[in-house]
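> Sequence first, then the predicted structure, then my questions.
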Amino acid sequence: AEKWALPILLAAITIHVASMFTTGLASGPPDAGDGLAAGVNAFQGASEILGSAGSDPGWQGPAAQSYNARNTEQQTRTDQMAALDTQLATLLQTQAAEVEKLRIDMYIVLSVLITAKPIAMMLYKTPAVGPQLSTTYQIATAGACLTTTTGLLSAQRVRSNKTGAALNNVAESYSHIADAAVAARPLH
């Protein structure tokens, strides 16, 4: 009968571990957007080149003015892309830190559940009232831990939804820049 002495804690551990996998645990560390730094640098470099590529001072007239205007438009676009890449990297860094914190908190809850097993077994072996005492302890511990698990995941869902909305805004901004670039192409 002792092998069935901890059914509530074992079920709670199973549920909690399954919940831990919703944090992307099997995928490794979350993407913190580190690769976006190269994009920012590339756009900043392109912006510097465009900034130095104005028309020759001896070149005057509508063609020179048009060239300079187009060059300025392109420089503005590259500056906007660099800013968006920076914003995207910040969002990904924030999300990655939140996921890492969630994972740590989930491991803490798991350690509480695992630590409760020997206590529940000791209570189970208490003469006369052991099984009832152990069951009550398991229910209280599992309930508190699974409530915490649910709270942690719910809070992360709210944060992820907020970050997702911000990511959508960034994506829309990228799209607007691309649309403006397409619209600015000369017609031949």
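Received the coordinates, thanks.
> buried set for the helix or strand bottoming out on mean pLDDT in the chain?
For the chain, using mean pLDDT, DSSP states H and E, the weakest element among its helices and strands is helix 36-51, scoring a mean of 83. Residues of helix 36-51 classed as buried by neighbour count (16 or more other C-beta atoms under 10 Å): Leu36, Gly39, Val40, Phe43, Gln44, Ala46, Ser47, Leu50. In short, each C-beta sits where N, CA and C put it, glycine included.
> need the contact list for the residue most central in space within the chain.
Closest to where the C-alpha atoms of the chain average out (C-alpha atoms, centre = their mean) is Gln95, at 2.8 Å. Residues near Gln95 by C-beta atoms under 8 Å, 6 or more residues apart in numbering: Pro30, Arg159, Ser160, Thr163.
> just how off-centre is the helix or strand hosting Thr148 within its chain?
Assessed by DSSP states H and E, Thr148 sits inside helix 130-183. Distance, stretch centre to chain centre, for helix 130-183: 10 Å (C-alpha atoms, centre = their mean, to the nearest Å).
> what's the answer for stretch 45-62, then?
Offset of stretch 45-62 from its chain centre (C-alpha atoms, centre = their mean): 40 Å.
> first to last residue in that stretch, what's the distance?
28 Å (C-alpha to C-alpha, to the nearest Å).
> who's in contact with that stretch?
Contacts for stretch 45-62 (C-beta under 8 Å, 6+ apart): Ala64, Tyr67, Asn68, Asn71, Gln74, Gln75, Thr78, Asp79, Ala82.
> low-confidence ranges in this structure?
1-4, 55, 187-188 (pLDDT under 70).
> hmm, try it at 80
Scanning the chain for pLDDT under 80 picks out 1-5, 37, 51, 53-58, 185-188.
> top helix in it by residue count?
helix 62-124 (DSSP state H).
> so how far is Pro29 from the residue nearest to the centre of the chain?
Remark: distance between Gln95 and Pro29 (C-beta to C-beta, to the nearest Å) = 12 Å.
> likewise Val109?
20 Å.
> which of those two has more neighbours?
Using other C-beta atoms under 10 Å, the more surrounded residue of Val109 and Pro29 is Val109, with 22 against 11.
> if we can go back for a sec, from Ile13, how far out is the residue nearest to the centre of the chain?
On the measure of C-beta to C-beta, Gln95 and Ile13 end up 28 Å apart.
> what does Lys101 give?
21 Å.
> Looking at those two, which has the bigger crowd around it?
Between Lys101 and Ile13, counted using other C-beta under 10 Å, Ile13 has the larger neighbour count: 19 against 13.
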